[in-house]
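K.L.:
Structure for the following, please:
(2 chains)
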Amino acid sequence: MSEKKKIYKPSPISGFPEWTPDVRLVEQQWLDHIRRVFESYGYCNIETPAIEALDVIAAKGEDVDKEIYVLERLQADENDKKEARLALHFDQTVPLARYVAQHFNDLIFPFKRYQMQKVWRGERPQAGRFREFYQCDIDVINVDHLPLHFDAEMPAIIWQILSTLSGMKNEKIQLRISNRKILMGAMQALEIKNPVEVMRWIDKAEKLSEKQIFDGLLSANVEKNSIRPLLTFCEKKETGPQAGLNIYNHINSYSFCNDLMREGAEELMFVMDQLALLPANAAVADLSIVRGLDYYTGTVYETVFLDDPSYGSICSGGRYDDLAGNYINKHLPGVGISIGFSRLFDRIRQKGQLPLGKHSPADILVVMPNEDMRGVATETANILRQRYNVELSHGGKLKKQLATAEKKGIPYIWFPPFEDGLPHEVKNLATGEQTKADPNTWEASLRGTS
RNA sequence: GCGACUGUAGCUCAGCGGUAGAGCCCUCGGUUGUGAUCCGAGUUGUCGCGGGUUCGAACCCCGUCAGUCGCCCCA
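P.N.:
Numbers count the residues shown, from 1 in each chain, chains lettered A, B, ... in the order given. Below is the predicted model:
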């Protein structure tokens, strides 16, 4: 009877973030905000299962294999071996490809969809790097041909979201844009035979010293005479209203400029021209942007905090020529971008910039002086609930009830009449002001509190 | 998967060989129907886990697990 209970001390699992209610409240507001902007552009939502057949996920490439979580029952029986192996999805692009292939005949093209779900990656967690995190993806897929203006719509949507999220007001972010055709063309012109390895080094240009990059490219067997031209070529960055034309001219001025490079340059110019209305430095044409994943074939995007680019990209994506070629015999080009929601959110949280304070979605706490009044209080709460989020107090001393509202950040206390014939009263906790009010008609001045 | 560092109360940490501490948080109280301030009282720990050295270990040694930060890779 008095035997000591075994306690399993709770501890967080690294890389799997969870928040207290006040933080979660803001996280949900962020997700709602992103959803609203996506929908304001006419994109529809889909949700795919957390898992896919392992074969589907692993089709992406060897490099990601080691990060994939597979799913199995603790006690599998022999029949399980007949089932396909399952794995938690690693991103939302691969599930999208499968989804589009599977529902091809029921979708309306260009298919414009957004998707906000958790994804899982078996990485070593670090600041801004999780093993379970939200991604907010938005993509357009079309059959055979996808107009280029979608490549410009993606960063425009992203800019609108990032510049209006709560807590982001003082953050300087930058969308960096390039087009893979440019670098691919340049590597062709310079007769570089292992483009993937070379792109990796170019991608690291910001983190490493010039010498490190030089040596890296040398070890990647790039012709010594080609390294310097390649690096100076990639260093080019252009922002502002003339960015498109300037970057085009830069590329075109090179003696080794070929058709593929020119094609990429024209596309990049088009995208930059469409973004000319954004504030200075919001978007930059940056030839060092290549992205790690190998399925991108045209426009590529990356987004960083200008004061801390090494934190990593908080929003990346690009154009791919053929999304679902592995699953269906159709040519389906697409372009898409993904907000690394958790990385972005956690950064703002760590910097203490989230508008925290509320631990409850309630606008009003209806209190009661004693249990005899619970009936009246319940009735009052129900009336107010038609227009507000209302918590009915659990009772106890009035003093405690007020303190509860204070702690939970509920802005208003509602006092039902304590005796027949007396009026209702409502108290604004921030100002301390208490006034008579009618629950049917009272208007809260909630602006700015949520 | 590799390397460096760190594990003491819910949180931030002090203690570094001799009875386990502080601040914050939390709980209760400061009369009858009103929070934030103030005052008073109180609770909170296998000192990550296992072994070793020692009369004695939170402290020293070994191992292990977990976490943080770099690398790889990426949102």
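
K.L.:
In the stretch 101-250 of chain A, mark out all the helices, start to finish.
P.N.:
A:149-162, A:180-189, A:195-203, A:210-219, A:224-234, A:243-252 (DSSP state H, counting those that start in this stretch).

K.L.:
Could you say which of those is packed most deeply?
P.N.:
When neighbours are counted by mean count of other C-beta atoms under 10 Å, the highest per-stretch mean among those falls to helix A:180-189, a mean of 22. Glycine gets a C-beta too; all of them are placed from N, C-alpha and C.

K.L.:
Quickly check: that one near RNA strand B or not.
P.N.:
No: against RNA strand B, helix A:180-189 shows no contacts by C-beta under 7 Å from any atom of the strand, the least distance being 13.6 Å.

K.L.:
what's the spacing between that helix and its chain's center?
P.N.:
30 Å (C-alpha atoms, centre = their mean, to the nearest Å).

K.L.:
With stretch A:313-333 instead?
P.N.:
Here stretch A:313-333 is found 19 Å from its chain centre; the criterion is C-alpha atoms, centre = their mean.

K.L.:
Repeat that for stretch A:216-224.
P.N.:
Using C-alpha atoms, centre = their mean, the distance between the centre of stretch A:216-224 and that of its chain works out at 36 Å.

K.L.:
Repeat that for stretch A:337-348.
P.N.:
How far stretch A:337-348 lies from its chain's middle: 5 Å, per C-alpha atoms, centre = their mean.

K.L.:
same check, this time on stretch A:384-401
P.N.:
35 Å.

K.L.:
In three-state terms, how would A:Glu302 be classified?
P.N.:
strand (DSSP: H, G, I helix; E, B strand; the rest coil).

K.L.:
Please report how far it lies from A:Gly317.
P.N.:
9 Å (C-beta to C-beta, to the nearest Å).

K.L.:
Looking at the two, which is more packed in?
P.N.:
A:Gly317 (28 against 24; other C-beta atoms under 10 Å).

K.L.:
For the residue lying closest to that one once chain neighbours are set aside, give me its contacts.
P.N.:
Leaving aside its sequence neighbours, A:Gly317 sits nearest to A:Ile337 (C-beta to C-beta, 6 or more residues apart in numbering; 3.2 Å). Applying C-beta atoms under 8 Å, 6 or more residues apart in numbering to A:Ile337 gives the contacts A:Asp137, A:Ile138, A:Asp139, A:Met154, A:Pro155, A:Ile157, A:Ile158, A:Tyr301, A:Cys315, A:Ser316, A:Gly317, A:Gly318.

K.L.:
A:Ile337 should be in a strand, yeah?
P.N.:
Yes: judged by three-state DSSP, A:Ile337 forms part of a strand.

K.L.:
what are the bridge partners for the residue nearest the centre of chain A, then?
P.N.:
Nearest residue to the geometric centre of chain A (C-alpha atoms, centre = their mean): A:Ile339, 2.5 Å. Counting by DSSP bridges, A:Ile339 forms beta bridges with A:Cys136, A:Cys315.

K.L.:
Tell me if I'm right that it and A:Gln135 touch.
P.N.:
Yes: assessed by C-beta atoms under 8 Å, A:Ile339 is found in contact with A:Gln135 at 6.8 Å.

K.L.:
quick one: stretch A:338-357 near RNA strand B?
P.N.:
Yes: between stretch A:338-357 and RNA strand B, judged by C-beta under 7 Å from any atom of the strand, the touching residues are A:Ser338, A:Gly340, A:Ser342, A:Arg343.

K.L.:
can you pick the most crowded of these?
P.N.:
A:Ser338 leads the residues of stretch A:338-357 next to RNA strand B on contacts (other C-beta under 10 Å) with 26 neighbours.

K.L.:
Quick check: it touching A:Asp91?
P.N.:
Yes: look at A:Ser338 against A:Asp91 with C-beta under 8 Å: they come within range, at 7.3 Å.

K.L.:
Could you tell me which residues touch both of those two?
P.N.:
Here A:Ser338 and A:Asp91 share the contacting residues A:Gln135, A:Asp137, scored by C-beta under 8 Å, 6+ apart.

K.L.:
Give the full set of residues in contact with the residue nearest to A:Gly336 when sequence neighbours are not counted.
P.N.:
The spatial neighbour of A:Gly336 that comes closest, neighbours along the chain excluded (C-beta to C-beta, 6+ apart), is A:Asp139 at 3.0 Å. Applying C-beta under 8 Å, 6+ apart to A:Asp139 gives the contacts A:Thr93, A:Leu96, A:Lys112, A:Arg113, A:Tyr114, A:Gly317, A:Gly334, A:Val335, A:Gly336, A:Ile337.

K.L.:
Tell me how far A:Asp139 lies from A:Glu266.
P.N.:
Distance from A:Asp139 to A:Glu266, by C-beta to C-beta: 23 Å.

K.L.:
Then A:Thr48?
P.N.:
Using C-beta to C-beta, A:Thr48 is found at 35 Å from A:Glu266.

K.L.:
Would you mind pulling the contact partners of the helix or strand A:Glu267 falls within?
P.N.:
Element membership for A:Glu267 (DSSP states H and E) is helix A:259-274. Helix A:259-274 is contacted by residues A:148-149, A:151-152, A:155-156, A:177-186, A:188-189, A:238, A:243-245, A:247-248, A:251-252, A:254, A:283, A:285, A:298-299 when judged by C-beta under 8 Å, 6+ apart.

K.L.:
how about the closest residue to A:Pro125 other than its chain neighbours, secondary structure?
P.N.:
Closest residue in space to A:Pro125, ignoring its immediate chain neighbours: A:Gly15 at 3.5 Å, by C-beta to C-beta, 6+ apart. When classified by three-state DSSP, A:Gly15 comes out as coil.

K.L.:
what number of residues lie near A:Gly15?
P.N.:
The burial count for A:Gly15: 17, using other C-beta under 10 Å.

K.L.:
and what of the one 10 residues further on?
P.N.:
Under the neighbour criterion other C-beta under 10 Å, A:Leu25 is assigned a count of 21.

K.L.:
ok, now A:Glu266?
P.N.:
A:Glu266, neighbours per other C-beta under 10 Å, totals 17.

K.L.:
Next, find the distance separating it from RNA strand B.
P.N.:
25 Å (C-beta to the nearest atom of the strand, to the nearest Å).

K.L.:
Mind pulling the model confidence for that residue?
P.N.:
On the pLDDT scale, A:Glu266 is placed at 96.

K.L.:
And for A:Thr431?
P.N.:
So, for A:Thr431, pLDDT stands at 88.
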